[in-house]
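# A structural model of the following input is requested.
(one chain, ligands or ions: 3)
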Amino acid sequence: MSTIDLQALIPNNVNLADNRQLQRALEHWQPAFLNWWGEMGPSDFNAKEVYLRTAVGVDASGWASYGYTPMPDYRWGIFMADKEEGRKIGFGENMGQDVWQEVPGEFRSAFRRLIVTQGDTEPASVEQQRLLGHTAPSLYDLRNLFQINVEEGRHLWAMVYLLHAHFGRDGREEAEELLERHSGDVNKPRILGTFNEPMDNWLSFFMFTYFTDRDGKFQLKSFAESAFDPLARTCRFMLTEEAHHMFVGETGIGRVIRRTLEVMKELDTDDVAALRRAGVVDLPTIQKFMNFWFTSSLDLFGSEASSNAANYFANSIKGRPDEAKFADHLERDTRMTITVSDGKGGLMDESITVRNGMNEITRLEYVKDCNVGLTRWNMGIKRAGVDFEFKLPSTRFRRAVGVWAGLHTDPEGNPLSADAFEAQKDQWLPTPADISFVKSLMQRVTEPGKMAGWIAPPDRGINAHPIDYQYVQL
Ligand code: BYC
Ligand code: FE
Ligand code: FE
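Numbers count the residues shown, from 1 in each chain. Ligands and ions are numbered 1, 2, ... in the order given. From the prediction side, this is the model:
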């Protein structure tokens, strides 16, 4: 068991007090972080008491405590899952050897790049969500937004700790730059595409927490396999917090659908204009938002064939999610098939090495996981007697990274000319009119227990409190 120091300036279970130099460096970064939070974090709510959970340890039975706190006083801490004695490397050419407590010199730049990319997404998401507090559909939702925001802040701390502790001066410089790039900034944008997309409405927020936080889940699971043990342990603990983010997405989308179904029943109609007049989001518009955020998130897995990914796997740097469930952990001469364009408007199989295909393998696992929620939502629609089914588009649709980047297909993945795509895209992706309609619904509701008209209440409150609990003291 690790010792947990909750009284320290930076709460931690990594024995920070034993390494004065590292402690001082992190205490020096702390005011820069708080300054960033004040400037780029949730706007205008920093003085309010929010009912938040705070990570206080890594015990499965009781790792969090709940209570009111203003967000800037949140105890952002550094926590790693407990060390597994005798842990061995589980994949790649170093398989079977002891895991590494330090980064081997030859892999330093690879690890640095991966940790920086992971770290960059965390504050990026907080920046994207900065203004959503003003239009929260309920106090319950407002609190969940802020809970996610403070935890993404803690995830940034997790990566900054690794940079400071294992990458010396380079690491400290990277940690500063993590606060200098900003979501959507034309001069200094965030590294990955999705994290520069504007997020100005709660339907997008729920889609993001369902689809994009789920990329986080799969990337963290891949890192949890890493031979670099501090990275693996850090990510294993981050996954416990991640579960709530995806819960907010899944239940959020589910509640929007449920409310729409109620009004469809009341008015006995599926007419889009009538439903919009009644103040709910019609199901086809929800599908379009899904198409947008799902495909954007597919790009986050990288190219279908990637020599970077092969190199990470071969050197035991980054594994597959749940590596243990695969039969072959070396994949030395194995091959797999991907679907590419034949350059004549058709499809063609291409054989690549499994090592080169690691991004695609992870992406396909992700797609399976995304479908779990759709199955649940579709069951609700069927039970309501409505003839409609949500469907995830093909992984070839609307891609900006990989072998389908710059090519056009319909949502089923059939190749299309640019003109044909242009002519039909308004049926598949949110139009400016769809977005402004959704935005027009975003009216703030602050009375405990009340919900905006476009979303159903949750099934239950937080930490056994009722739904009408004062989750934020405004
Ligand atoms: N946008 O060889 P390839 C989360 C670049 S989410 C823009 O296929 P690789 C969270 C790529 O950098 C989890 N550029 O890539 C969620 C490369 O550039 P260069 C985030 C992109 O390296 C919600 C080039 O394209 N964690 O935690 O195999 C809220 C060729 O790429 C994109 C990670 O991503 C893109 N979408 O794989 C809060 C884990 N995709 O070298 C938090 C760390 C690729 O040609 N990152 N490029 O200039 C990685 O493991 C890998 O970097 C990637 C890409 C999987 C992202
Ligand atoms: Fe995160
Ligand atoms: Fe998250």
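
# only C-alpha atoms for contact and neighbour calcs from this point on.
Noted.

# tell me the contacts of Lys221?
Listed by Cα atoms under 8 Å, 6 or more residues apart in numbering, the contact partners of Lys221 are Cys235, Arg236, Leu239, Arg320, Pro321, Asp322.

# Isn't the fifth one up against Ser222?
Right, Pro321. Yes. Pro321 lies in contact with Ser222 (Cα atoms under 8 Å); the separation is 4.5 Å.

# Number of residues surrounding Gly57?
Per other Cα atoms under 10 Å, the neighbour tally for Gly57 reads 26.

# which SSE is the residue most central in space within the chain in?
By Cα atoms, centre = their mean, the chain has its centre lying nearest to Asp213, at 1.7 Å. Using DSSP states H and E, Asp213 falls within helix 213-223.

# how about the helix or strand just after that helix: buried residues?
Once helix 213-223 ends, the next helix or strand along the chain (criterion: DSSP H and E) is helix 229-267. When burial is assessed from 16 or more other Cα atoms under 10 Å, helix 229-267 yields the following buried residues: 229-239, 241-242, 244-246, 248-261, 263-264.

# Equivalent analysis for stretch 306-317, please.
Ser306, Asn308, Ala309, Ala310, Asn311, Tyr312, Phe313, Ala314, Asn315, Ser316, Ile317.

# for stretch 266-281, same thing?
Going by neighbour count (16+ other Cα under 10 Å), the buried part of stretch 266-281 is Asp270, Val272, Leu275, Arg276, Gly279, Val280, Val281.

# can you pull the pLDDT of the first one?
To tie it back to what came earlier, the one meant is Asp270. At Asp270, the model reports a pLDDT of 97.

# Contact partners for it?
Counting by Cα under 8 Å, 6+ apart, Asp270 touches Met264, Asp282.

# Then it would be within a helix, right?
No. Asp270 is assigned coil when assessed by DSSP: H, G, I helix; E, B strand; the rest coil, not a helix.

# So the residue of the stretch 251-400 of the chain found nearest ligand 3 versus Met246, what's the distance?
For the stretch 251-400 of the chain, the residue closest to ligand 3 is Ser297, as judged by Cα to the ion, at 13.2 Å. Distance from Ser297 to Met246, counting by Cα to Cα, to the nearest Å: 14 Å.

# hey, what's in contact with both of these two?
Applying Cα under 8 Å, 6+ apart, one finds that Ser297 and Met246 are jointly contacted by Phe211.

# Show me which residues of this structure are close to ligand 1?
Within the chain, the residues that sit near ligand 1 (Cα under 6 Å from any ligand atom) are 114, 117-118, 121-122, 125, 152, 192-193, 212-213, 215-216, 219, 299-303, 306, 308-309.

# all helices of the stretch 251-400 of the chain, in order?
Secondary structure of the stretch 251-400 of the chain (DSSP state H, counting those that start in this stretch): helices located at 272-277, 283-299, 307-314, 358-383.

# most packed of the ones you listed?
With neighbours taken as mean count of other Cα atoms under 10 Å, the helices of the stretch 251-400 of the chain reach their highest mean count in helix 283-299, at a mean of 22.

# got the contact list for that helix?
With contacts defined as Cα under 8 Å, 6+ apart, helix 283-299 is touched by 193-194, 203-204, 207-208, 211-212, 215, 257, 260, 363, 388, 390-393, 395, 397-402, 427-430, 434.

# Would you mind writing the CA trace of that helix as CSV?
What follows is helix 283-299, C-alpha atoms only, in CSV (Å, rounded to 0.1, in the frame of the first residue of the first chain):
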residue,chain,number,x,y,z
LEU,A,283,-34.4,12.1,-33.1
PRO,A,284,-32.9,12.7,-36.6
THR,A,285,-31.1,15.8,-35.2
ILE,A,286,-29.7,13.7,-32.3
GLN,A,287,-28.4,11.2,-34.9
LYS,A,288,-26.7,14.0,-36.7
PHE,A,289,-24.9,15.2,-33.6
MET,A,290,-23.9,11.6,-32.9
ASN,A,291,-22.5,11.3,-36.4
PHE,A,292,-20.4,14.4,-35.9
TRP,A,293,-18.8,13.6,-32.5
PHE,A,294,-18.4,9.9,-33.2
THR,A,295,-16.5,10.4,-36.4
SER,A,296,-14.4,13.2,-34.9
SER,A,297,-13.5,10.8,-32.1
LEU,A,298,-12.6,8.0,-34.6
ASP,A,299,-9.8,10.3,-35.9
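
# I'm done for today, thanks for sticking with me.
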